[in-house]
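**Student:** Based on what follows, work out the 3D shape:
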Amino acid sequence: MEENRIGVAAVIIEGPDSVKEVNDVLHEHSAIIVGRMGIPYRERGVNVISLVLDATPNQISALTGKLGKIKAVSVKAVMSKERIS
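**Tutor:** Numbering: from 1, shown residues only. Sure, this is the predicted structure:
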C-alpha cells in the first residue's frame, strides 16, 4: 500500500481555451488538493497555478498526467521523499 506524500505542482496555461479543461481536471482531483494559488500573468498572456497536494505518488502522477495532455498546458511536480506525518 502506497503512503501519501506532500507534493507541489506547477501548472502553466499558455492558452485561454485550456483554462476550463484544467479547472475540470482539478475539480475531479479536488480531494487531494490541499491548496491552490492561481495567478493570471496578463503581461505574458499566461496563467500560472501552484498546487499543494497530499496524495500517493500514483495519484499525483495521475493528476499531472491528465493536465499534461491538455493543449497549451505544461506541468511539473515534486514530492517529499518519505511520508510526512
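**Student:** Check the average confidence over the helix ranked longest in the chain, would you?
**Tutor:** The helix of greatest length in the chain, counted in residues with DSSP state H as the criterion, is given as helix 57-68. Summarised as a single mean, pLDDT over helix 57-68 is 97.
**Student:** what does that helix rub up against?
**Tutor:** Residues outside helix 57-68 that contact it (C-beta atoms under 8 Å, 6 or more residues apart in numbering): 2, 5, 7, 9, 11, 22, 25-26, 28-29, 32, 53, 55, 73-77, 79. In this view, the C-beta of every residue, glycine as well, is placed from N, C-alpha and C.
**Student:** in it, what counts as buried?
**Tutor:** Using 16 or more other C-beta atoms under 10 Å as the test for burial, helix 57-68 gives 59-60, 62-64, 66-67.
**Student:** and if you look at stretch 30-40?
**Tutor:** 32-33.
**Student:** Report the rounded mean pLDDT for it.
**Tutor:** Per-region confidence: stretch 30-40 scores 98 on mean pLDDT.
**Student:** before we move on, what about stretch 76-85?
**Tutor:** On average, stretch 76-85 scores 87.
**Student:** Tell me the gap between that stretch and the middle of its chain.
**Tutor:** Its chain's C-alpha centre and that of stretch 76-85 lie 14 Å apart, by C-alpha atoms, centre = their mean, to the nearest Å.
**Student:** do the same with stretch 73-85
**Tutor:** 10 Å.
**Student:** Please identify the buried residues of that stretch?
**Tutor:** In terms of neighbour count (16+ other C-beta under 10 Å), stretch 73-85 has its buried residues at 73, 75, 77, 79.
**Student:** One more: stretch 14-23?
**Tutor:** Residues of stretch 14-23 classed as buried by neighbour count (16+ other C-beta under 10 Å): 18-19, 21-22.
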